[in-house]
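Colleague: Pasting the sequence and the predicted model now:
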Amino acid sequence: DKAGHKHFMSKEIAEQPTVISETLAAYIANDASDINLPGDGVDFTKINRIVMASCGTAYYACLTAKYWFEQLAHLPVEVDFASEFRYRTPPVTEGTAALFVSQSGETADTLAALRYCEGKASSILAVTNVPESSIARESDLNMPIYAGAEIGVASTKAFTCQLTVLLLMALKAAHARGHLTGEELKVKLAALRGLPAIMNQAMGIEEAVRDVAVQLSHSRDALFLGRGVMFPLALEGALKLKEISYIHAEAYASGELKHGPIALIDENMPVIVMAPRDALFDKTVSNMQEVMARGGKVVLITDAAGAAEASDGVWHTIVLPDIDDVIAPILYALPVQYLAYHTAVAKGTDVDQPRNLAKSVTVE
Ligand code: F6R
């Protein structure tokens, strides 16, 4: 049932404020002062490293979480594709928590990576959408994402719910390890509880994104740029666009641009820049100006302050509501989902069942 939407993907994008509220309600204590993990939880004071291995969009959720765990909880994190991790014989020692993110909980490579860590890692953690799945059952602790069934092959609401659970874990770890006071934790939790309303408000950008998408649908290639916690979002934007619209898209960390990819820039190369007005904004904007100086057409995704400062000469600016820097990646998933969706609709491709793809990849 598409609930009046043309595609499951559009329905699932629209559901995000609701399902994120449910995820938050499942983890945040009633008095909003603490985060409850299932079962015995995780003792983050006994962990000195986290390894994560996943595939596709779930891998990008892990990459985002790396920024959070390192910055907030001072915990070193390594993230790898499950298909690489499983054959690389990486050392996994005492004090290491191994974390596997998977919507289906059945992805063959992710399950194999989990099994590789059995008997090596101090604890095996899973973040899944299917509590009965193999990955959920074979972990020491499964953290459900409460996204509800996701039918569209391109992951949307599962991604933002994965991010929500991972951010809650990182905040919990930061508090447990003494890097966030009880008061600071409360402030972050209050901000997180405001996210569904802000995301609802952000849905007002859909028409503006659709106008950009109609123009983007004529392109053969596209580049996505982001710095810091926006870099994994750029990767996710490129994946989403190529998988449902079949437009070739790549993502780079903004600072990498001048080390090669800038050679690709001309008037036929739309460049989508993800840049809220945060501490790294000026750096990203200077990379964006290098693109414009070479004739590149820029779509800037930012907030009101960012738009006021940097939209001169930009092809299109998409303005999102203000949000806490730490939470921003969850909100900035929305414009990249809309962009991919409306580009695919404009091209007339099969949005919910893109060619050559399966929802659950149970063979390697
Ligand atoms: C992309 C997408 C895939 C999955 C990947 C992992 O939109 O949906 O990249 O994220 O196949 O699947 P799970 O999360 O089920 O392990």
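Modeller: Nice, I can see it. Residues are numbered from 1 along each chain as shown.
Colleague: Flag every residue of the chain that's near the ligand.
Modeller: 55-58, 102-104, 107, 110, 154-155, 239, 243, 360-361 (C-beta under 6 Å from any ligand atom). Heads up, the C-betas are built off the backbone N, CA and C, glycines and all.
Colleague: of all those, which comes closest to the ligand?
Modeller: Gly56 (1.9 Å; C-beta to the nearest ligand atom).
Colleague: Show me what stretch 351-361 is in contact with.
Modeller: 7-10, 55, 104, 106-109, 150-154, 243-244, 246, 341, 344-345, 349 (C-beta atoms under 8 Å, 6 or more residues apart in numbering).
Colleague: Also stretch 324-335?
Modeller: So stretch 324-335 is contacted by 13, 16, 20, 64, 68, 72, 156, 159-160, 163-164, 167, 188, 191-192, 195, 198-199, 202-203, 205, 209, 229-230, 232-233, 236, 274, 276, 278-279, 301, 318, 320-321, 323 (C-beta under 8 Å, 6+ apart).
Colleague: try 7 Å this time
Modeller: Applying C-beta atoms under 7 Å, 6 or more residues apart in numbering, the contact partners of stretch 324-335 are 64, 159-160, 163-164, 188, 191-192, 195, 198-199, 202, 205, 209, 229-230, 233, 236, 274, 276, 278, 301, 318, 320, 323.
Colleague: Could you do stretch 203-214 as well?
Modeller: Contacts for stretch 203-214 (C-beta under 7 Å, 6+ apart): 299, 316, 318, 320, 335, 338-339, 342-343, 346.
Colleague: Now compare these and name the two farthest from each other.
Modeller: Spatially, the most separated pair among these is Leu320 and Ala346, at 21.8 Å (C-beta to C-beta).
Colleague: Phe8 contacts Val153, doesn't it?
Modeller: No: between Phe8 and Val153 there is no contact under C-beta atoms under 7 Å: 8.9 Å.
Colleague: the more surrounded of these two?
Modeller: Shown here are Phe8 and Val153; by other C-beta atoms under 10 Å, Phe8 has more neighbours (21 against 18).
Colleague: Now for the more buried one: which residues touch it?
Modeller: Contacts of Phe8 by C-beta under 7 Å, 6+ apart are 2, 151-152, 352.
Colleague: Find me whatever residue is spatially closest to the residue nearest in space to the middle of the chain, sequence neighbours aside.
Modeller: Most central in the chain under C-alpha atoms, centre = their mean is Ala61, positioned 4.3 Å from the mean C-alpha point. In space, and not counting its chain neighbours, Ala61 is closest to Gln162: 4.1 Å by C-beta to C-beta, 6 or more residues apart in numbering.
Colleague: Look at the one you found and report its pLDDT.
Modeller: At Gln162, the pLDDT value in this model is 98.
Colleague: hey, where'd the strands end up in the protein?
Modeller: Secondary structure of the chain (DSSP state E): strands at 49-54, 77-81, 96-102, 123-128, 141-144, 221-226, 248-253, 270-274, 297-303, 316-320.
Colleague: Out of those strands, which is the most enclosed?
Modeller: Of all those, strand 96-102 carries the top mean neighbour count, a mean of 29, counting by mean count of other C-beta atoms under 10 Å.
Colleague: Which strands and helices lie in contact with it?
Modeller: strand 49-54, helix 56-73, helix 108-117, strand 123-128 (3 or more C-beta pairs under 7 Å, 6 or more residues apart in numbering; DSSP states H and E).
Colleague: Let me have those in JSON lines, extended by distance to Ile35 and mean pLDDT.
Modeller: As requested, these are exported to JSON lines (distance: least, C-beta to C-beta, whole Å; pLDDT from 0 to 100):
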{"stretch": "strand 49-54", "distance to Ile35": "17", "mean pLDDT": "98"}
{"stretch": "helix 56-73", "distance to Ile35": "12", "mean pLDDT": "98"}
{"stretch": "helix 108-117", "distance to Ile35": "23", "mean pLDDT": "98"}
{"stretch": "strand 123-128", "distance to Ile35": "14", "mean pLDDT": "98"}
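Colleague: Ok, which of those comes nearest Glu256?
Modeller: Of all the helices and strands packed on strand 96-102, helix 56-73 comes closest under C-beta to C-beta, at 14.6 Å.
Colleague: Report the buried residues of that closest one.
Modeller: Within helix 56-73, the residues that count as buried by 16 or more other C-beta atoms under 10 Å are 56-69, 71-73.
Colleague: For Ala32, what are phi and psi?
Modeller: When read as degrees, to the nearest 10, the backbone of Ala32 gives phi 60, psi 30.
Colleague: List the residues that contact it.
Modeller: Here Ala32 is in contact with 186, 189-190, 193 (C-beta under 7 Å, 6+ apart).
Colleague: May I ask which of the residues you listed has the most neighbours?
Modeller: Counting by other C-beta under 10 Å, top hit in the contacts of Ala32: Leu189 with 20 neighbours.
Colleague: That residue touches Tyr27, doesn't it?
Modeller: No: here Leu189 lies out of contact with Tyr27, judged by C-beta under 7 Å, at a distance of 9.5 Å.
Colleague: what about the helices in the chain?
Modeller: Counting by DSSP state H, the segments of the chain that form helices are 8-14, 16-27, 56-73, 82-85, 108-117, 134-138, 157-176, 182-193, 195-202, 206-216, 230-245, 281-293, 304-310, 328-347.
Colleague: Could you list the buried residues of the shortest one?
Modeller: So that's helix 82-85. Neighbour-count burial for helix 82-85, with 16+ other C-beta under 10 Å as criterion, is recorded at 82-83, 85.
Colleague: Understood, closing this out.
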